[in-house]
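S.K.: Here is a sequence together with a model predicted from it:
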Amino acid sequence: MLVAASRTGRRREEIEELCRRHRVACEVVPERRLTDLAGPVHNGMAAEIAQFANTAEIATVPQGTIEPAAAGGADPDLLVLLEDVQDPRNLGAVLRVCEGAGVGQVLIRDRGSAPVSPTVAKTAAGASEWLPIERIVNAAQTLERLKAEGYWIYGTDPAGDAPWEVDLKGKVVLCFGGEEKGLRALTRRICDRLIGLPMRGRVGSLNISTAAAAVLYEAVRQRT
C-alpha cells in the first residue's frame, strides 16, 4: 500500500490501521510517485496488486463456464453484457451499478470497449475488484451459447418495452450498448426482447450508467 506524504486525516489513519491488522506493507511516498504509478486518478493512496483477480483473459465464454460471483448476495442467474462502452468513467459507473445490484458476472466485448484501467477502477469504487468480469471476443457467439444454457437475452433500446412490462426473473442476460450507437445490429437480432425506458421529459436519453441502474433495479425488484 502506498500513501502520499501529503495525505492526512482520519481516512489515512484507517487505511494504515487496516494494513497493520492484515500485515500489508504500507509505505509513505511523495505524491509524484503515486502519479507516476497510477496517473492523476489517485486520492493520495494506491495499492500495488499482481493483477485484476476477477478479470479473465480475452476469450469467448465456453458453454457451461459462467461462474457465480463469490460475494454474498450476488445472483448467478443475472448477467450483464456490455459492448462498445468507450468512456472509462461510464464503464466504471456501470460496473458500480452492477455490483450494487448483485449481478453475477459482467461480460465486456473486448473490441471497441474501454479497458479496465485505473480510471475505471476509481469510478467503480471497488466494484471492478469484486465483480467477476469476462472480456469476450464475440458477443453474438457468447449470447447464443448462453441461450443454449437457458438464459433469456434482453437488449436495451429507446424504442423497447418498459422493463416493468417484461419478466426479468429466472436466467437473464441484460445487454447494454455504447454511448453513441447503442447495441450492435447483430446483438439486437439475437435478443429475445428489447427493453427501453420511457422518456417523459424533454431529454431524449439517459447516461448509460443511469439507464443501467433503472433497468437492473427493476430486475432486482422482480427477483426479490
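M.R.: Received the coordinates, thanks.
S.K.: For residue 32, grab the count of nearby residues.
M.R.: Neighbours of residue 32 under the rule other CB atoms under 10 Å: 9. The way it works is simple: take the backbone N, C-alpha and C, and place the C-beta from them, glycine included.
S.K.: Please disregard the earlier target; I meant residue 210.
M.R.: Residue 210: 14 surrounding residues under other CB under 10 Å.
S.K.: for residue 89, same thing?
M.R.: The local packing of residue 89 (other CB under 10 Å) involves 16 other residues.
S.K.: can you tell me how far the nearest residue to it once chain neighbours are set aside sits from residue 137?
M.R.: Nearest-residue entry for residue 89: residue 123, 4.8 Å, with adjacent residues in sequence omitted and distances by CB to CB, 6 or more residues apart in numbering. According to CB to CB, to the nearest Å, residue 123 stands 25 Å off from residue 137.
S.K.: Can you pick out the residue with more neighbours from the two?
M.R.: A count of neighbours by other CB under 10 Å puts residue 123 above the other of residue 123 and residue 137, at 22 against 13.
S.K.: wait, doesn't the more buried one sit right on residue 94?
M.R.: No - with the criterion set as CB atoms under 8 Å, residue 123 and residue 94 do not qualify as a contacting pair; they are 9.3 Å apart.
S.K.: Pull the number of nearby residues for residue 150.
M.R.: Other residues close to residue 150 by other CB under 10 Å number 9.
S.K.: pretty sure residue 129 belongs to a helix, no?
M.R.: Yes - using DSSP: H, G, I helix; E, B strand; the rest coil, the secondary structure at residue 129 is a helix.
S.K.: State whether it and residue 120 are indeed in contact, as I suppose.
M.R.: No - with contact defined as CB under 8 Å, residue 129 does not count as touching residue 120 (10.9 Å).
S.K.: higher neighbour count, the two?
M.R.: Higher neighbour count among residue 129 and residue 120: residue 120, with 24 against 18, using other CB under 10 Å.
S.K.: distance of the more buried one from residue 103?
M.R.: 16 Å.
S.K.: Helices of this structure, start to end?
M.R.: Listed in chain order, the helices of the chain (DSSP state H) span residues 10-21, 31-38, 88-100, 118-124, 127-130, 139-148, 185-190, 208-223.
S.K.: could you dump the ones you listed to CSV with mean pLDDT and distance to residue 74?
M.R.: CSV is the format used below for those (pLDDT from 0 to 100; distance: least, CB to CB, whole Å):
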stretch, mean pLDDT, distance to residue 74
helix 10-21, 87, 24
helix 31-38, 80, 28
helix 88-100, 95, 8
helix 118-124, 86, 15
helix 127-130, 87, 9
helix 139-148, 95, 17
helix 185-190, 94, 24
helix 208-223, 96, 12
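S.K.: Find the centremost residue of this protein, please.
M.R.: In the chain, the C-alpha nearest the mean C-alpha coordinate belongs to residue 95, at 2.3 Å (CA atoms, centre = their mean).
S.K.: my guess is it contacts residue 122, does it?
M.R.: No - in this structure residue 95 lies outside contact range of residue 122 using CB under 8 Å: 11.2 Å.
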